[in-house]
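J.: Coordinates for the following, if possible.
(one chain, ligands or ions: 1)
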Amino acid sequence: MSTQPTASHFINGAYVEDKAGEEIPVIYPATGEVIAALHAATPAIVDQAVAAAKAAQKEWAGWTGTERGRVLRRAADIMRARNHDLSVLETFDTGKPYQETSVADATSGADALEYFGGLAAAITGEHIQLGDDFVYTRREPLGVCVGIGAWNYPTQIACWKGAPALACGNTMVFKPSETTPLCALKVAEIMIEAGAPAGVYNVIQGYGAVGASLITDPRVDKVSLTGSVPTGKKVYAAAAEGVRHVTMELGGKSPLVIFDDADLENAVSGAILGNFYSSGQVCSNGTRVFVQAGIKEAFLARLTERLKGVKMGDPQDPDVNFGPMVSERQRDIVEGFITKGQEEGARLVTGGNRVDKPGFYLEPTVFADVSDDMTIATDEIFGPVMSVLDFETEEDVLRRANATDFGLAAGVFTADLTRAHRVAAGFEAGTCYINTYNDAPVEAPFGGTKQSGVGRENSKAAIEHYSQIKGVYVRMGDLEAPF
Ligand code: NDP
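T.: Model prediction:
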């Protein structure tokens, strides 16, 4: 498969190049080899993309919901039919194993396209009777939406933002992370093939500066970012200048609480899924694993045993289940946290080393005896590093679980039904799990509280964030005035 795209950008239904833009080398994380070279958008490219989105928006919004939905559902079908090729490309872009990308990326993108395609025709206003008079509401699109993506789920993020935006009658300019620029271009191609008019879904490449220039463009009405908290604060502030709508899907340091009465095998599975899937590069990961005293040693023993099932290697090999970090930089950042964990006195149970291979591999790493104030327990690491903390009581663990500025996700494993719901209710987090971890079906809302975000993606809730209500008052009789 060729990993070099036709051109860097996809605007107004066609590939576009402008070699004056800064070069973006695309590196395969499993080998360190350059597999493509793209160019960042110049101001002229940014202008072209926003102009195309602006020009297409009114016509697109004028289609019926059924017509727009049909395009999205066709796009979902095309994505599913091409799942193999799209998954291979996602693996080249991110280094995530094909075993994951073939079931969690284009497939998740297709789910979003299908779901919002299905909802599009049901996006309606309401009628409010006021005696003889009445008010009706129109649910209208926002206009031109900008999507800015992180590098961990490039296909999924391009669809999770694009599908609800387009269903509501908006158009989109999407800027992927420069670390993983390849997959969103395929999403743009598929939208056109599925029948979306030119300009409805555009992709441009670039570093942070390109994203920043999109947010302040006066033709832009909404910004949806998936990224870190520091970037989120900058983007939110820049959007506020123009009083633009925002969705912020930011980072986390989520708690996963395992009580003594939990099913041990399921709890270990949850901790593995919540820490080592995508080599730990998942925003909602439950990286603070609180384990009750009675089950702690059994948990650590079983976890260590299960981690022997990790198979590293060529991520395109379907038997490989653990890939490299997305970049050398990310590998170095994560290694820095591992060193810090050791320096601050946490007990290294397993892992902690680079792997002697080309590419940016790190072993899955587990620390025990972690205390709440250690850096590995307070900071988002975004790599395969699990911190195990001890606890005695429900009250104590809930207080400690919530003692963070983040509020993205939280999970609890217990056999006690009422405790499970009580703890879920007590969590200060937008996305919670009982006896499972990190499921993200499109039917369920996804997003964070506190500094982890604003707004929700997926589910019917996303419609609220890509549309606005207009109220229309209708008087049926004569109108009285004081003079
Ligand atoms: P970053 O915050 O570094 O970047 C996110 C995106 O924003 C990139 O496309 C980046 O471009 C762009 N960007 C950076 N600075 C600006 C700016 N000033 N204005 C506009 N755009 C800008 O995040 P990462 O890509 O490193 O992704 C990891 C982070 O994303 C983690 O914190 C993780 O938790 C979070 N995340 C959140 C998810 C959620 O749904 N809540 C899901 C996945 C990840 P460039 O790369 O060129 O700098």
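
J.: and the stretch 101-250 of the chain, which residues reach the ligand?
T.: 148-152, 175, 177-179, 207-208, 211-212, 215, 225-228, 231, 234-235, 249-250 (Cβ under 6 Å from any ligand atom). No exception for glycine: its C-beta is placed from N, CA and C like everyone else's.

J.: And the helices in the stretch 51-200 of the chain?
T.: Taking DSSP state H, counting those that start in this stretch to define them, one finds helices in the stretch 51-200 of the chain at 65-81, 83-94, 98-104, 106-119, 154-167, 183-193.

J.: Buried deepest among the ones you listed, which one?
T.: Most buried of those by mean neighbour count (mean count of other Cβ atoms under 10 Å) is helix 154-167; its value is a mean of 30.

J.: Report the distance from that one to the chain centre.
T.: 10 Å (Cα atoms, centre = their mean, to the nearest Å).

J.: What average pLDDT does that helix get?
T.: Here helix 154-167 scores 98 as its mean pLDDT.

J.: For that helix, C-alpha coordinates in PDB please.
T.: In PDB, the C-alpha atoms belonging to helix 154-167 read as follows (Å, rounded to 0.1, in the frame of the first residue of the first chain):
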ATOM      1  CA  PRO A 154      -7.200   9.800  13.800                       C
ATOM      2  CA  THR A 155     -10.000   8.100  11.800                       C
ATOM      3  CA  GLN A 156     -12.400   7.900  14.700                       C
ATOM      4  CA  ILE A 157     -11.900  11.500  15.700                       C
ATOM      5  CA  ALA A 158     -12.400  12.700  12.100                       C
ATOM      6  CA  CYS A 159     -15.800  10.900  12.100                       C
ATOM      7  CA  TRP A 160     -16.900  11.500  15.700                       C
ATOM      8  CA  LYS A 161     -16.700  15.200  14.900                       C
ATOM      9  CA  GLY A 162     -17.700  15.100  11.200                       C
ATOM     10  CA  ALA A 163     -20.800  12.900  11.500                       C
ATOM     11  CA  PRO A 164     -22.900  14.900  14.000                       C
ATOM     12  CA  ALA A 165     -21.700  18.200  12.400                       C
ATOM     13  CA  LEU A 166     -22.800  17.200   8.900                       C
ATOM     14  CA  ALA A 167     -26.000  15.500  10.200                       C
END
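
J.: Which among the residues of the stretch 101-250 of the chain next to the ligand count as buried?
T.: 148-152, 175, 177-179, 207, 211, 215, 225-227, 231, 234-235, 249-250 (16 or more other Cβ atoms under 10 Å).

J.: Report the contact partners of the residue nearest to residue 73 when sequence neighbours are not counted.
T.: Leaving aside its sequence neighbours, residue 73 sits nearest to residue 117 (Cβ to Cβ, 6 or more residues apart in numbering; 3.8 Å). Contacts for residue 117 (Cβ atoms under 8 Å, 6 or more residues apart in numbering) come out as 68, 69, 70, 71, 72, 73, 75, 76, 163, 167.

J.: residue contacts, the spatially closest residue to the second one that is not a sequence neighbour?
T.: So the one you mean is residue 69. Among residues not flanking residue 69 along the chain, residue 120 sits closest, at 3.4 Å (Cβ to Cβ, 6+ apart). Residues near residue 120 by Cβ under 8 Å, 6+ apart: 65, 66, 68, 69, 72, 167, 168.

J.: could you redo the last one with a cut-off of 7 Å?
T.: 65, 68, 69, 72, 167 (Cβ atoms under 7 Å, 6 or more residues apart in numbering).

J.: pLDDT value on the fourth one, please?
T.: Per-residue confidence at residue 72 stands at 98 (pLDDT).

J.: next one: the one 3 residues further on
T.: At residue 75, the model reports a pLDDT of 98.

J.: Can you give me the distance of the closest residue to it other than its chain neighbours to residue 1?
T.: By the measure of Cβ to Cβ, 6+ apart, the closest residue to residue 75 outside its immediate chain neighbours is residue 194, 3.8 Å from it. For residue 194, the distance to residue 1 equals 22 Å [Cβ to Cβ, to the nearest Å].

J.: what's the pLDDT at residue 410?
T.: Model confidence at residue 410 (pLDDT) stands at 98.

J.: Now do the SS call for it.
T.: Following DSSP: H, G, I helix; E, B strand; the rest coil, we place residue 410 in the strand state.

J.: Next, work out how far apart it and residue 424 are.
T.: Taking Cβ to Cβ, one finds residue 410 at 8 Å from residue 424.

J.: ok, now residue 107?
T.: On the measure of Cβ to Cβ, residue 107 and residue 424 end up 27 Å apart.

J.: so the residue nearest to residue 75 touches residue 78, yeah?
T.: Yes: Residue 194 lies in contact with residue 78 (Cβ atoms under 7 Å); the separation is 5.9 Å.

J.: okay, and the helix or strand of this protein with the least pLDDT?
T.: Each helix and strand of the chain was given a mean pLDDT (mean pLDDT, DSSP states H and E); the minimum falls on helix 208-215 at a mean of 95.

J.: and that one, C-alpha only, in PDB?
T.: Below are the C-alpha coordinates for helix 208-215, written out as PDB (Å, rounded to 0.1, in the frame of the first residue of the first chain):
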ATOM      1  CA  GLY A 208      -0.700  24.100  16.100                       C
ATOM      2  CA  ALA A 209      -0.500  27.400  14.300                       C
ATOM      3  CA  VAL A 210      -2.800  26.200  11.500                       C
ATOM      4  CA  GLY A 211      -5.400  25.100  14.100                       C
ATOM      5  CA  ALA A 212      -5.000  28.500  15.800                       C
ATOM      6  CA  SER A 213      -5.600  30.400  12.600                       C
ATOM      7  CA  LEU A 214      -8.700  28.400  11.900                       C
ATOM      8  CA  ILE A 215     -10.200  29.200  15.300                       C
END
